[in-house]
Every structure is written in C-alpha cells, then in structure tokens.
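Q: coords please:
(chains A and B)
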Number of protein chains: 2
Amino acid sequence: MAARSGEFDLIARHFAPIAQRNPAALSLKDDAAVFSSPPGSEIVVTTDALVADVHFRNVDSPETVAQKVLRVNLSDLAAMGAVPGGVVLTTGYNRDLSEDWIACFAKSFGKDCEAFDVSLLGGDTVGTPGPTFFSLTAFGYVPAGRALRRDFARPGDVLAVTGTLGDAALGLSVLAGELQTLDAAHRAFLQDRYWVPQPRFEVSQACMATGSRIAAMDLSDGLAGDCRKICDASQVGMIFYQDQMPVSDAANAVLAQNSSRWTQILGGGDDYELLIAGSKDDIAALGNRVTVIGEVTERIGEVLIRGLDGKMAELASGGFDHFKE
Amino acid sequence: MAARSGEFDLIARHFAPIAQRNPAALSLKDDAAVFSSPPGSEIVVTTDALVADVHFRNVDSPETVAQKVLRVNLSDLAAMGAVPGGVVLTTGYNRDLSEDWIACFAKSFGKDCEAFDVSLLGGDTVGTPGPTFFSLTAFGYVPAGRALRRDFARPGDVLAVTGTLGDAALGLSVLAGELQTLDAAHRAFLQDRYWVPQPRFEVSQACMATGSRIAAMDLSDGLAGDCRKICDASQVGMIFYQDQMPVSDAANAVLAQNSSRWTQILGGGDDYELLIAGSKDDIAALGNRVTVIGEVTERIGEVLIRGLDGKMAELASGGFDHFKE
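A: As a prediction, this is how the structure comes out:
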C-alpha cells in the first residue's frame, strides 16, 4: 500500500477547502449537509457512477476524470431543465492510487464546481482493493411542475440535438490507437470530447424560457439507443434524417476515410448532448444552438432513419449496456 | 462472466417496482427525479458508500447488506434530527455476482424502504471487475434552522447515547471466528447488531420535540474516535464514565471472560447509535431511551474517561480510519 493520508485527512486536506463555498456543507464536518430550495421550486436529483476502466480509462488524467464525474451528472440536470445547486461526491480510491492523483482530482473538481456555480455539500471517501470509482449525486432546481420530461414528446414534434454527435465515441477510438491517419488537431479535438462533456445548460434554459411542453434527455449511451427512452416514455415513434445529423469537422474527416464510422455517430456513447422534442415553433425559438434531425411519429416504438441514399431503414439500437458490452 | 441481464433489465426488473411508491421517481425512467420539500423545511442530505470486504463481508447475505446500505445513511439523517424522505442508490456489481443475489438484495432493500417510509427516487447500476460496492445518498427534512448539529455542544452539557455500545464490533469478532465459548444466543445477537444497524429516529425526534439546542451525531467509527468530532466542531472537551456505559447482556458476557474487550466497547465501529449532548433537563426529557455516559467540559479537545477503578485516563482515539486499518 502506498504511503498516504487516512480518510479523514484526505477529506480535510483536499475536499473541505472546496466545500467552504457554501455554508450548507457545514464544512463537511457534520453527519449531513442542510440546504433549502428556492421558493416555488422543485428539487431535481440525479446520480451517476464512474468506474475506472469501465467508464473512464485508468490512464486518463485526474483533471479530466474529475470534470467528467461532475459533468455527466450536471448533464442530467440540464436534461431536466434544472439549474445546478449542489453535489455530494463518494470516492472509492484504489489503495495504490497516489495522493498526488487525488490532489489533482480534487483541485480540478473544485475548479469545475466553481465554473458551474455548484456547491460540494458532502461525500464519503473510502478505500477499495478494486478499481477506483466515483459516485456523484447532483441536485438542481426547476420551477415547480416545469421539468423537461421524457414523456412530453407528441406526434408531430420536431426532434433536435445540441452540439455534434459521435465525437466522444471517435475520441475513444483515437485513444485506443485507431484513426492514426487523422490529423493531430482532429485527433486532439475528438479525445477532448470524450474526456470532457459539456452540459448544455444554455439550451435547456432556453427550452425553459419558451414556457412550453418540451421533452428532453441527455445522450449518454448514443442517439440510436437513448432515443427509445423518449419513445417508451411518450409512447411515440421517431424518424431521423441522416443528412441532417450535426457532425464535427473532425468526425467528417473520419467519415471521409471510412463511412462505416457512421455507426459511432449514430450509436456511440458519451456525447452528453441533449435530444429535444417540441413543437416546430418552440424548437425554432432555440435558434442555431440546436440542429433539427427528425420528427416524432405516432408509430409507437418504431425508430426509422432516412439514410444518405434517401431510403428508410430501422435504426438499430446499439445502446451501450454496461453488462453486455 | 455469469449469465445475467443487462443494466437496464436489472433496473426494470428489480428496482423499478420499488420506485413505484413515489411519483417523484418518474418510475426511474427519466434523467432525474423531481421532488419538493415540505413548506418551512430544509433538506438534509448525506451519502455513505459500502465496499465488499471493506465495509461488509463478501459472504454476508444480500438481505442484511441491503439493510445496512440503507440504514447507515438513515442513521445520519436521524443524527441531524431529520425525518427520512428519499434515497438514490448506486450499485456497482461485481460481474460474477449472480442475478439471484441482486434480486434478494433489491427485495430486502424495498422492504426496508417501506419500513422506514423512504422512497427510492433513482440510481445508477454499473458493472465492475472489482468488489461490489453500494453508494447511497439519502434526503430528509428538518424544520428550517432546527437541525441537530455537532457544533451545538456546550461546557456543562450532559452526554448520552442510545442503545448499547460495542455490540457490532464484537459481532464482527464472532464472524471472524473469535468468542467461540460465548453461548449461541449471545453470538447471534452480536452478529445481528453488526449486520443490521437501527437508525434511532425515535430518540432524534424526541430531541427535536424539546425545541432546544441539542448536539447529536451517529457513532459509525466508535465512541472514542467519533466523540472528538463533536469536540472539534463545538470546541469543547469531554469526560466519560466507564461504569455508566450501556453494555448489552451479550457484551457483558464477553467482558466477564476478557476485560480487554473494553477496547471494542469504547472504540469499535458500526454501532450507529447516537451520541447526544444537551442540557441536563433536555437529556432527562429523553427518559430511559438514552443512557447518560458523561459530560461536556471546556477543556478543548481533551477526552477523558473515569475508569472502573475510579482513575481518570485519556481516552485513546482508536477511530477506524479506512486507509490506515
């Protein structure tokens, strides 16, 4: 076992300073944190865990792992139309992990909390003989009754997404040693998209500002698989248009070399972009912050894609299922 | 890898039924859960993780592990004077764990949630090549400004505890094959105290009912170590009286055989009893649900114990520190 501080010292040294921002955390010195929600709001809560070499690579830097742990959860808050409030973080450190790694993780985590105006309210720090894991629970607030829900899609709605699709999956391919002929800037861009998701609060707040019924979810496991969750919840079907998919310059360069990489654009995970369904006017109000990629149909559970060749096909699921992978 | 359902199937089959109790969970089918806190209340949040073969034994039954995961967190809510509301549960299952184990875990977890009137609001289920882990975040409610805090102890206060001390530590000794000469009923009692903690909501609500300043915390790492957390937060010292420590019949039988087991009574973890500091009258109002074991002094950070021989000594910490153990 590496020489390292004990649990209480680790918390006091690296995490308590981050928690000073909000008195609700009671400086991490009590049994629990105490906070209140703004009047007229509901509390949105979500939790996501990351396990080393399952959800991130053991060799990834502590700085980007910290950002990913926070941001995959903030992305869920954005998907509900919530503004972020606080987080509690449980860390299970492999016992051979150095205190340097933990210090870098905590520093980056604190910086990212500040960037998103999020308070670290509490947590638990344990040792594990297995792979390092992080489990984060995030809270946010929405005006009561106004959350963007997956069961809000209706036939005739327009489907739109934020950002570009498939970059993170291609980034993981780059990190696995593939796509070596791609130019360095494109490779770097794709890797970064895998390492550091961008919670889309600006777009989700624009959705909230419409005051309308809008369905939203974040794409963590790929468009093809995740879109079915809105279909299930709303009892609808969907049609996508392949030629309207937003694709980054880097991903376009990959597709130019090998069009079979489209499976990663359509089905690859870790994008954390928002899939949004709403009336044509409401989606139009979001402007060029989103790209229209399809429409909602009344054919329950049927997900079609109009290919680049103009032909319709079923969009295979390909959702990443952690046990089957 | 054992044949087993994928992540989504596991959630749908074993956890979604538990979540039906509260519409706030959105049947675990959205990005996050949405709930509201009672008017005039604050939200109390706590999180605790358990790792197989660190915080529970790999051979422990899924039924008691489920109870422990829930109850160690509920115990923190009780320590704040909160009534329980909801929980989110992250489970990292070792990939060789059978679906039977998971089914038994989920069933017991659901039953215990019902017993404590707690809603499962969401969670995350992941696979891990390492030891199985659970990370639970629990929410509860307290009337605004009324939480029982660790920094509320004052010199002259009386110290009291719920239940009996050291049973869980002795139970772990039994499970490790020690204490074989103890009679079977005592051994069973001690093991059960290790497996299934009892969150002390009745006492903490009685504390709340006094309407007074009362400090409380739950003893997860042993009295000797944990009491210092109140000393630190309140800037006080403490004196305990060994002859007043509440000891179960089973633990008394152990002590009769070997008085060195007192170190487990005073310093052993996993009791999840409440340590309470308040005025003499307020503690008296709690009646025989608590045992007075000492008093608060103004000697900051000094923790003394008057031994069975009547002599004063420093109470060594012996708090369980997960990295140093």
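
Q: SS state for A:L274?
A: Reduced to three states with DSSP: H, G, I helix; E, B strand; the rest coil, the structure at A:L274 is strand.

Q: so what's the backbone phi/psi at A:K280?
A: In terms of degrees, to the nearest 10, the main-chain angles of A:K280 are phi -50, psi -40.

Q: Could you pull up the residues touching the residue nearest to it when sequence neighbours are not counted?
A: Of all residues not flanking A:K280 in the chain, A:V158 sits nearest, at 5.1 Å (C-beta to C-beta, 6 or more residues apart in numbering or on different chains). In this view, the C-beta of every residue, glycine as well, is placed from N, C-alpha and C. Counting by C-beta atoms under 8 Å, 6 or more residues apart in numbering or on different chains, A:V158 touches A:277-280, A:283, A:292, A:294-296.

Q: Quick check: beta-bridge partners of A:V158?
A: A:G278, A:E295 (DSSP bridges).

Q: What residues does the residue in chain A that chain B sits nearest to make contact with?
A: Residue nearest to chain B within chain A: A:G130 (1.8 Å; C-beta to the nearest C-beta). Residues counted as contacts of A:G130 (C-beta under 8 Å, 6+ apart) are A:92, A:94, B:51, B:128-131, B:133.

Q: and the gap between it and A:D48?
A: As judged by C-beta to C-beta, to the nearest Å, A:G130 and A:D48 stand 18 Å apart.

Q: Same check on A:M80?
A: 13 Å.

Q: same thing with A:I18?
A: Using C-beta to C-beta, we find A:I18 at a distance of 19 Å from A:D48.

Q: Of those two, which one has the most company?
A: Set side by side, A:I18 and A:D48 show unequal neighbour counts under other C-beta atoms under 10 Å in any protein chain shown, the larger going to A:D48 at 28 against 22.

Q: Quickly list what that one is bridged to.
A: Under the criterion used (DSSP bridges), A:D48 bridges to A:L136.

Q: these two touch, right, it and B:G122?
A: No. In this structure, A:D48 is not within contact of B:G122 by C-beta atoms under 8 Å, at 9.9 Å.

Q: if we can go back for a sec, confirm the residue of chain A closest to chain B sits in a strand?
A: No. Counting by three-state DSSP, A:G130 is not part of a strand but coil.

Q: And it, its phi and psi?
A: Given degrees, to the nearest 10, the pair of backbone angles that A:G130 has is phi -90, psi -160.

Q: Name the secondary structure element that contains A:G86.
A: Using DSSP states H and E, A:G86 sits within strand A:83-94.

Q: who's in contact with the following helix or strand past that strand?
A: Sequence-wise, the next helix or strand downstream of strand A:83-94 (DSSP H and E) is helix A:99-115. Under the contact criterion C-beta under 8 Å, 6+ apart, helix A:99-115 has outside partners A:2, A:4-5, A:10, A:13-15, A:17-18, A:21, A:61-67, A:69-71, A:87, A:89, A:91, A:93, A:119-120.

Q: Buried subset of those as a PyMOL selection?
A: Those of those that count as buried under 16 or more other C-beta atoms under 10 Å in any protein chain shown are selected in PyMOL with:
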select buried, chain A and resi 4+5+10+14+15+18+21+62+63+64+65+66+67+69+70+71+87+89+91+93+119+120
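
Q: Inside helices: which ones of the contacts of helix A:99-115?
A: Those of these mapping onto helices are A:10, A:17-18, A:62-67, A:69-71, per DSSP state H.

Q: Would you format those residues as JSON lines with pLDDT and distance to B:V303 included?
A: Output for the ones in helices among the contacts of helix A:99-115, formatted as JSON lines (pLDDT from 0 to 100; distance: C-beta to C-beta, whole Å):
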{"residue": "A:L10", "pLDDT": "77", "distance to B:V303": "23"}
{"residue": "A:P17", "pLDDT": "81", "distance to B:V303": "27"}
{"residue": "A:I18", "pLDDT": "81", "distance to B:V303": "29"}
{"residue": "A:P62", "pLDDT": "96", "distance to B:V303": "37"}
{"residue": "A:E63", "pLDDT": "97", "distance to B:V303": "40"}
{"residue": "A:T64", "pLDDT": "97", "distance to B:V303": "43"}
{"residue": "A:V65", "pLDDT": "96", "distance to B:V303": "39"}
{"residue": "A:A66", "pLDDT": "97", "distance to B:V303": "36"}
{"residue": "A:Q67", "pLDDT": "97", "distance to B:V303": "41"}
{"residue": "A:V69", "pLDDT": "97", "distance to B:V303": "37"}
{"residue": "A:L70", "pLDDT": "98", "distance to B:V303": "38"}
{"residue": "A:R71", "pLDDT": "98", "distance to B:V303": "43"}
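
Q: so how many other residues sit close to A:G156?
A: There are 13 residues near A:G156, going by other C-beta under 10 Å.

Q: For A:G40, grab the count of nearby residues.
A: Using other C-beta under 10 Å, A:G40 is surrounded by 12 other residues.

Q: Tell me the confidence at it?
A: Per-residue pLDDT puts A:G40 at 92.

Q: That one contacts A:Y141, doesn't it?
A: No. If you go by C-beta under 8 Å, A:G40 and A:Y141 don't touch, sitting 9.4 Å apart.

Q: Might you list the low-confidence residue ranges for the stretch 201-325 of chain A?
A: A:318-325 (pLDDT under 70).

Q: before we move on, what SS does A:I305 have?
A: With three-state DSSP as the criterion, A:I305 reads strand.

Q: Which of the three states applies to A:P39?
A: Once three-state DSSP is applied, A:P39 turns out coil.

Q: so who does it touch?
A: Applying C-beta under 8 Å, 6+ apart, no residues contact A:P39.

Q: how far away is it from A:A233?
A: 29 Å.

Q: Could you check how many residues crowd around A:N252?
A: 12.

Q: what about A:R289, neighbour count?
A: 13.

Q: For the residue nearest to it when sequence neighbours are not counted, what is the enclosing helix or strand?
A: Leaving out its chain neighbours, the residue that sits closest to A:R289 by C-beta to C-beta, 6+ apart is A:V203, at 5.1 Å. Using DSSP H and E, the element containing A:V203 is helix A:201-210.

Q: got it, and A:F134?
A: According to DSSP H and E, A:F134 maps onto strand A:133-143.

Q: Quick one: distance of that strand to the chain centre.
A: 12 Å (C-alpha atoms, centre = their mean, to the nearest Å).

Q: Then stretch A:255-275?
A: Centroid displacement of stretch A:255-275 relative to its chain, using C-alpha atoms, centre = their mean, is 15 Å.

Q: next one: stretch A:75-85
A: Distance, centroid of stretch A:75-85 to centroid of chain: 10 Å (C-alpha atoms, centre = their mean).

Q: Pull the residues that contact it.
A: With C-beta under 8 Å, 6+ apart, stretch A:75-85 has contacts from A:35, A:37, A:43-44, A:46, A:48, A:74, A:116-119, A:138-142, A:146-149, A:197, A:199-201, A:203-205, A:207-208, A:214, A:216-218, A:220, A:272, A:274, B:30-32, B:34.

Q: quick one: which of the contacts of A:G130 is nearest to A:R306?
A: The nearest member of the contacts of A:G130 to A:R306, counting by C-beta to C-beta, is B:T128 at 39.8 Å.

Q: Show me what the closest one bridges to in the sheet.
A: Beta-bridge pairing of B:T128 under DSSP bridges involves B:N94.

Q: so what's it up against?
A: A:51, A:54, A:130-131, A:133, B:92-95.

Q: which among the residues you listed end up buried?
A: A:51, A:54, A:130-131, A:133, B:92-94.

Q: Would you mind checking which of those residues is nearest to A:A168?
A: Taking those together and measuring to A:A168 by C-beta to C-beta, the closest member is A:V54, at 15.2 Å.
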